[in-house]
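Enquirer: Using only what follows, build the 3D model:
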Amino acid sequence: MNEPTPIPAGTRICASDEQLAAITYNEDGLIPAIVQETGTGRVLMLAWMNSDSLLQTLETGRTWFWSRSRQEYWCKGETSGDRQYVREAYFDCDGDTLLFLVDQEGSGACHTGDYSCFFRSFGDIEN
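Expert: Take a look at the predicted model:
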């Protein structure tokens with residue numbers, strides 16, 4: 001009999017008060033969050049977080065975002081099954097961009113069905 005595949009767990013990230021205070025949100029209370037795949041380094045998506053979704057992500061080890069169009073929180077993969085499990089979390093030198101390294105589960109990160117949201121390129125590459 002086949003054993004069920006264990007559900008991976010995200011990594012809880014313990015951020016200090018000083019680190020959280022260094023985060024700079026825009027005028028809408030949001031910060032861009034880049035999601036990159038652990039191992040391959042492939043950029044999967046960019047989404048927006050507010051302070052609550054950032055804390056939820058750090059505490060649960062799953063990516064949580066703020067939907068600007070729907071004006072609501074969403075946890076990546078709750079409806080699609082394409083979950084992201086956080087392994088590492090960073091903020092840039094200005095504190096105005098976040099980077100999450102994740103293990104991607106399922107068919108990918110993009111709502112179009114593509115593995116990465118960055119599947120389109122501009123023109124031809126010239127040498």
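Enquirer: Quick one: list the elements packing against the helix or strand hosting Gln56.
Expert: Under the criterion DSSP states H and E, the helix or strand holding Gln56 is helix 51-60. The criterion is 3 or more Cβ pairs under 8 Å, 6 or more residues apart in numbering; DSSP states H and E, and the helices and strands that helix 51-60 contacts are helix 17-21, strand 64-67, strand 72-75, strand 84-91. Backbone N, C-alpha and C define where each C-beta goes, glycine included.
Enquirer: How many neighbouring residues does Trp48 have?
Expert: The criterion is other Cβ atoms under 10 Å. On that basis, Trp48 has 18 neighbouring residues.
Enquirer: In contact with the nearest residue to it once chain neighbours are set aside: list those residues for me.
Expert: Leaving aside its sequence neighbours, Trp48 sits nearest to Leu30 (Cβ to Cβ, 6 or more residues apart in numbering; 4.5 Å). By Cβ atoms under 8 Å, 6 or more residues apart in numbering, the residues touching Leu30 are 48-50, 66, 68.
Enquirer: Since that was my last question, I'll sign off now.
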